[in-house]
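Asker: Whatever this is, show me its structure:
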Amino acid sequence: MRTRLRAAAVIAASSANGAAIGSILVATVVTVVVFWLAHVYASVVASGPGVSTVGAAMLDELLVIEAPFASVLVLLAGLLGAFDAGAAVQAALWLAVAQLVAWGAAVARRHGRSWPAAVAFGAVSGMFGVVIILFKALVH
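Answerer: Here you go, the predicted structure:
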């Protein structure tokens, strides 16, 4: 959840001043990679350095890169001309919201929550992304 939200925040913030879609994409990818490396580093520090530890940590922390991947692909499609840049940014942000909703509901169900509770968890998770979109609208 944090990585999707972090990527959405970077997309929203970097697009607020009319930045080019390429700049938004680069800012998002660089931020995600830096946070992935920070997660890898923290795992290595926690378990002791070693080549096998680093490799295992890199694999264990891949979710940090995978989580916002769909939004990054939408931005890339915008860069390549499949979408208008503004539409690509909006699509990437709303895709993140949809993923947050699905993730919240799936985690709730995995922990044995009822369907109504899972829907509520999904809605709350998605609202974090909606807040970012609303903030972007206010700032822009």
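
Asker: so where does Val130 fall, helix or strand?
Answerer: Under the criterion of DSSP states H and E, Val130 resides in helix 115-139.

Asker: Show me which residues of that helix are buried.
Answerer: For helix 115-139, a neighbour-count test (16 or more other C-beta atoms under 10 Å) marks 118-119, 121-122, 125-126, 128-130, 132-133, 136 as buried. Any C-beta I mention is one placed from the backbone N, CA and C, and that applies to glycine too.

Asker: from those residues, which is closest to Val45?
Answerer: Comparing the buried residues of helix 115-139 against Val45 with C-beta to C-beta places Phe128 closest, at 28.4 Å.

Asker: circling back: redo the buried residues of helix 115-139 as JSON lines? Include distance to Val10 and pLDDT.
Answerer: What follows is the buried residues of helix 115-139, written out as JSON lines (distance: C-beta to C-beta, whole Å; pLDDT from 0 to 100):
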{"residue": "Ala118", "distance to Val10": "28", "pLDDT": "96"}
{"residue": "Val119", "distance to Val10": "28", "pLDDT": "97"}
{"residue": "Phe121", "distance to Val10": "25", "pLDDT": "96"}
{"residue": "Gly122", "distance to Val10": "23", "pLDDT": "96"}
{"residue": "Ser125", "distance to Val10": "18", "pLDDT": "95"}
{"residue": "Gly126", "distance to Val10": "18", "pLDDT": "96"}
{"residue": "Phe128", "distance to Val10": "14", "pLDDT": "95"}
{"residue": "Gly129", "distance to Val10": "13", "pLDDT": "94"}
{"residue": "Val130", "distance to Val10": "17", "pLDDT": "96"}
{"residue": "Ile132", "distance to Val10": "10", "pLDDT": "94"}
{"residue": "Ile133", "distance to Val10": "13", "pLDDT": "94"}
{"residue": "Lys136", "distance to Val10": "11", "pLDDT": "87"}
